[in-house]
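> I would like to see how this sequence folds:
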Amino acid sequence: MNNKKKLFIAFLIMLIGVGHPYLSVATSYVSSTDSISIWTPRLHNPVFVEPGKQFTIEIVANENLNESDWTAQVENDLQHWTCQVTSAQRASIDHTTRPGWVLTIQLTKDVSPELMKLVVYHRSGLRLSSERSVYIVPDIEQDFYILHQSDQHLTGDSAKVARGTIGPRHEGGSKQAIQWTAPIVNLINPRLVFQTGDNMQLYANEKDWCGMEEAKIRVDRFLTGLSDFTVPTVLTTGNHDLGWASYVEIVPWRKWYTQHVGQRAFSFRMGSMYVLSSEWTSNEFVKWARKNYADSWQDSTIRYRLLISHFYDGLDGWTTIATEKQPCDLLLVGHIHRTRLVQTSPYKVLSVASAQDYQWAAFFNFQRTDTGWVCDEASKHANGINVHQLLGDFGTPTVSALYTFPNNGKATKNQVEISNSLPHEFYDGRVRFLMKKGKYTVDGGEVLAQYNTADGKKTAVLVKVNIRNQSTSTVTIKKT
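Numbering: from 1, shown residues only. Below is the predicted model of the structure:
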């Protein structure tokens, strides 16, 4: 079927359809050269934006589409918010390597500050979506903290031993352990969680790997494990994910991974902070990454440069990005399965213990000053100081919430007690109450958003709470 016929059929469906005015029954639309999809942002490469502000997206599409016929929305599991597409134009995308579309999208001011799915429509019948890709931040320049994890080495679904792996030695991490971690992370509410490579155990060595079909299953298993996180999860690749150039089936595997997961090297902004994710085992995108990083030094609005990669081979490493003359502020890596200060000068390089064992994670708090960002943890990096196991045996949580009544939308009052055994105060913690439809007030926290669910039967109340260190924090809610 040629493109004109496809567009005509989609237009007829639109005329007789119901629901969204631009939505056809088709959710998969194939162009003459490639599958049409949202290229950025993706779940591993999100965008950070304040309510009422704009962000840009890239779409893989060669079709001759009308520029004025795009619409978009962001949505969570309870509601959606319509956005304005302020511009749409054909342009070079994917580091200017291929044609596509670039859209500028503006959020409404009343959108809830949560991690959202992006959905884009075109009057021709296209419906494109990108899960967990738009993170709405109340104030992009406010103090924030992150978590750094690495080396999940995920292979199987269920944990078989106490530490969360599928075996007693080095058989690999489990999806279940990552899912055990999600409620903890969601309460803590870091601005993002880095996963810096060897996220899956696909390649063991040059000729030993799990095979193409099993590798695809493990990638989706890992991404499914992250799907319960209500904060962004930013990824980079490692040697057990993407291998080295000499590894078996490396060319078709890297091609599939790129098409399925998305851009493998990328940068993004969080206000005055620049973040770059680059690869250690491949120089396929190193030229782009080095130029992008060098160009960041021409931007006077950048106050901090935070880099992630799987590992670091020194200033003369073949995939090293930051230089002695243009040092980054911090580089976070993994690979060695140890919490270490890898390098101190001309910039700090810090590694973290393997997350497959009790979900080790490093905590970094960034404070905004008149001259930029400071992070004390970058100088105090050690196990038991800023690096902790998030889980105990078989998923016992370090941070947990206990509700008086089930948090399911049937109550008009509730209370949650949040217990924190970690030595950090999570001043930007989150709880989201789901209540009977109405107006609510809270005690012990700050209401960030209050909205009715799409079915009109319940009300969601998003609350910011200061989760005190090694203590219990209480938040109560009642109908007004």
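
> check contacts around Leu390.
For Leu390, the contact set (C-beta atoms under 8 Å, 6 or more residues apart in numbering) comprises Thr181, Ile184, Val185, Tyr358, Gln359, Trp360, Ala361, Pro397, Thr398, Val399. The way it works is simple: take the backbone N, C-alpha and C, and place the C-beta from them, glycine included.

> Format those residues as a markdown table; extra columns: distance to Lys175 and pLDDT.
A markdown table is the format used below for the contacts of Leu390 (distance: C-beta to C-beta, whole Å; pLDDT from 0 to 100):
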| residue | distance to Lys175 | pLDDT |
| --- | --- | --- |
| Thr181 | 11 | 98 |
| Ile184 | 16 | 98 |
| Val185 | 15 | 98 |
| Tyr358 | 16 | 98 |
| Gln359 | 12 | 98 |
| Trp360 | 17 | 98 |
| Ala361 | 17 | 98 |
| Pro397 | 17 | 98 |
| Thr398 | 20 | 98 |
| Val399 | 20 | 98 |
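
> quick one: which of the residues you listed sit in helices?
Within the contacts of Leu390, residues falling in helices by DSSP state H are Thr181, Ile184, Val185.

> The second one: how many residues sit nearby?
By other C-beta atoms under 10 Å, the residues close to Ile184 number 21.

> now the longest strand anywhere in the chain, how far from the centre of its chain.
Ranked by number of residues, the top strand in the chain under DSSP state E is strand 80-93. The chain centroid and the centroid of strand 80-93 are separated by 21 Å, computed with C-alpha atoms, centre = their mean, to the nearest Å.

> State the helix or strand in which Glu324 lies.
In the assignment (DSSP states H and E), Glu324 maps to no helix and no strand.

> residue contacts, the residue nearest to it when sequence neighbours are not counted?
In space, and not counting its chain neighbours, Glu324 is closest to Pro346: 4.8 Å by C-beta to C-beta, 6 or more residues apart in numbering. Residues counted as contacts of Pro346 (C-beta under 8 Å, 6+ apart) are Leu315, Glu324, Pro327.

> Report pLDDT for Gly19.
Per-residue pLDDT puts Gly19 at 33.

> if we can go back for a sec, need the contact partners of whichever helix or strand comes after the longest strand of the chain.
Counting by DSSP H and E, the next helix or strand C-terminal to strand 80-93 is strand 98-106. Applying C-beta under 8 Å, 6+ apart, the contact partners of strand 98-106 are 39, 52-62, 65, 70, 72, 83-94, 120.

> thought Pro423 was touching Ser471?
No: assessed by C-beta atoms under 8 Å, Pro423 is found out of contact with Ser471, at 10.5 Å.

> So the residue nearest to Ile136 when sequence neighbours are not counted, which state does it fall into?
Leaving aside its chain neighbours, Ile136 sits nearest to Pro113 (4.5 Å; criterion: C-beta to C-beta, 6+ apart). Pro113 carries the three-state label coil when classified by DSSP: H, G, I helix; E, B strand; the rest coil.

> and Pro294, which of the three is it?
One thing to correct before we go on: residue 294 is Ala, not Pro. helix.

> residues contacting the residue lying closest to it once chain neighbours are set aside?
Spatial nearest neighbour of Ala294, chain neighbours left out: Gln326 (6.6 Å); criterion: C-beta to C-beta, 6+ apart. Contacts for Gln326 (C-beta under 8 Å, 6+ apart) come out as Tyr293, Ala294, Trp297.
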